[in-house]
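Engineer: Below: sequence and its predicted model.
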Amino acid sequence: MRSAEIAKYAEAYQRPGYAMGDERRAAVARILAGTKPGTLIDVGTGRGETLAMAAAAGFTVLAGTEVVPALCGGLVVYAEAWALPFADQSADLVTCFDVLEHLLHDDQPLALAELVRVGREVIVTAADYSHFEHGVEYHVGRRPYPEWESMLQAFGTVEPL
């Protein structure tokens, strides 16, 4: 099942328009502006928009992770959110913006445990709505915001987008 989910994104990222939208970009910029710069790892970085914004905001970008091989290279390494290739507490900040809803429900707690293991501070955002595009549901793991808030309380900042 995981491989089928990952394959959806390999296909989606072949479309140039599959990228961070303006609303999410503004929210990420606001969140980064309110956070003390330090070393950063962005999990599920996509095309690397967060990495660029973080660098511009004064963060030292250690890496981004992605499951789409075509997006990997440079600072972006291949890694599933539930199996990060970084040492314990290796980053001042680990971000994971609107990625959890793309994961299967059973993988979400595994991913959260990894984020906390790797980062001294963790900022997570998640969506509660469906994202159906080109006949494909991308938010297979979406939850209502109260469920997200309950699950995420112990893991860092919760910012509904």
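Structural biologist: Structure received.
Engineer: lowest confidence element among the helices and strands of this structure?
Structural biologist: Evaluated with mean pLDDT, DSSP states H and E, the helix-and-strand set of the chain has its lowest mean pLDDT in strand 157-158, which scores a mean of 51.
Engineer: Got the confidence number for the residue of the chain most remote from its centre?
Structural biologist: Taking CA atoms, centre = their mean, the residue of the chain most remote from its mean C-alpha position is Gly135, at 23.0 Å. At Gly135, the model reports a pLDDT of 92.
Engineer: Quick check: the gap between it and Ser3.
Structural biologist: The gap separating Gly135 from Ser3 is 19 Å, by CB to CB, to the nearest Å. C-betas here are computed from N, CA, C, even on glycine.
Engineer: what does Phe132 give?
Structural biologist: 21 Å.
Engineer: got it, and Glu149?
Structural biologist: 30 Å.
Engineer: what's the answer for Leu40, then?
Structural biologist: Taking CB to CB, one finds Leu40 at 29 Å from Ser3.
Engineer: okay, the two: which has more neighbours?
Structural biologist: Counted by other CB atoms under 10 Å, Leu40 and Ser3 do not tie: Leu40 has more neighbours, with 26 against 7.
Engineer: Once you drop chain neighbours, what's closest to that one?
Structural biologist: Spatial nearest neighbour of Leu40, excluding adjacent residues (CB to CB, 6 or more residues apart in numbering): Phe59 at 4.3 Å.
Engineer: Give the burial count for the one you found, as a bare number.
Structural biologist: 23.
Engineer: got the contact list for it?
Structural biologist: Listed by CB atoms under 8 Å, 6 or more residues apart in numbering, the contact partners of Phe59 are Leu32, Pro37, Gly38, Thr39, Leu40, Leu93.
Engineer: Any chance of those residues in CSV with distance to Val99, secondary structure and pLDDT as columns?
Structural biologist: Formatted as CSV, the contacts of Phe59 follow (distance: CB to CB, whole Å; DSSP: H, G, I helix; E, B strand; the rest coil; pLDDT from 0 to 100):
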residue, distance to Val99, secondary structure, pLDDT
Leu32, 16, helix, 95
Pro37, 22, coil, 96
Gly38, 21, coil, 97
Thr39, 19, strand, 98
Leu40, 15, strand, 98
Leu93, 15, strand, 96
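Engineer: Nearest the geometric middle of the chain, what residue?
Structural biologist: Short answer for the chain (CA atoms, centre = their mean): Cys96, at 3.0 Å.
Engineer: Okay then, goodbye and thanks.
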